[in-house]
Structures are given as structure tokens and as C-alpha cells.
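Student: can't give you the sequence, but here's the structure:
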């Protein structure tokens, strides 16, 4: 009888440990993707967006650097949208991401195409940057409108 009770207690602790690790993993995934997008937002809105609006002077080198950062990191948040990370830490991600992964991935590819153009536009002039900031913003917004709770 004692070996059975010991086994059940061990199983209960193992189950609790696995549940805790899973919850921490989901929290980590959520915080990871949010952190990457926060940094992207700084460069997109705080640097390029401000240049496009005229509230920050256009500086080709700074614009290219920010655009390259966004283009380099645009795929990174997708690593944090793993199965099981739809709940955990506070998140604005809609459950539809995991129900319609094909559309989510398609919108991600479309955003990547626009961020690649953003790098080129940032190097041309302010007019090109403004046009591409709008296009890139529209691509990001399409995904956010469908898959993010505000």
C-alpha cells in the first residue's frame, strides 16, 4: 500500500511541476513576442513614423538603421506564437491566431515584404519613406485588426 501512495504522491508532484513549467513557458513566449514587437514599435512609430509626420528631422542613416532593425526582426515574434501560448501572461492575441494559422502566417509574410521595401525607401528620401511607412503600417494593421484585441 505504501508504494502505491508514494507513487501517487510522486505523480501528483510531477503533474504540478509539468503544469507550472508549461505555464512559465507560455508566459515566456508571450513576453518574448511582446518585447520584440515593442522594440519594433519604437523604431517604426518613434523613429520612422515621426520622420514621416515631420515631427523628427529626416536622417537617412538613422532611418535606414531603424528600417533594417524592423526588417531583421519582423519574423521574430512568430517564434512566440507557439501552441499553448494563447493563454498565460496578459496578451492581446486573439485565439483566432491558432484557429486560422494559415491567414496569420500569410499576413506575416505580407508584412515582411513591406518591411523589406521600407529599408530601400528609407535610403531614398523623405517622400519615399513616407509612402512606405504608410504601406508597412497598413500591412501590420491588417494582421493586428484580425488577430489582436485592443
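Tutor: Sure, I can see it. The structure displayed is predicted, hence computed values, not measured ones.

Student: Please make it C-alpha for all contacts and neighbour counts, starting now.
Tutor: OK.

Student: what's the spacing between the residue nearest the centre of the chain and residue 37?
Tutor: Centroid check for the chain by C-alpha atoms, centre = their mean gives residue 77 as the closest residue, at 3.5 Å. Note on residue 77: its distance to residue 37, by C-alpha to C-alpha, to the nearest Å, is 7 Å.

Student: what residue ranges in the chain score low on pLDDT?
Tutor: Of all residues in the chain, those with pLDDT under 70 make up the ranges 1-24.

Student: The residue nearest to the centre of the chain and residue 142: what is the separation?
Tutor: Counting by C-alpha to C-alpha - residue 77 and residue 142 are separated by 16 Å.

Student: and what of residue 56?
Tutor: Applying C-alpha to C-alpha, the value for residue 56 to residue 142 is 26 Å.

Student: Compare these two (neighbour count), which wins?
Tutor: The neighbour count for residue 56 versus residue 142, taken as other C-alpha atoms under 10 Å, is higher for residue 142 (17 against 13).

Student: Does that one touch residue 108 like I think?
Tutor: No: judged on C-alpha atoms under 8 Å, residue 142 makes no contact with residue 108 at a distance of 9.6 Å.

Student: Grab the nearest non-local neighbour of the residue nearest to the centre of the chain.
Tutor: The shortest distance from residue 77 to any non-neighbouring residue, by C-alpha to C-alpha, 6 or more residues apart in numbering, is to residue 33 (4.3 Å).

Student: what do you get for residue 89?
Tutor: Excluding the flanking residues, the one nearest residue 89 by C-alpha to C-alpha, 6+ apart is residue 27, at 4.8 Å.
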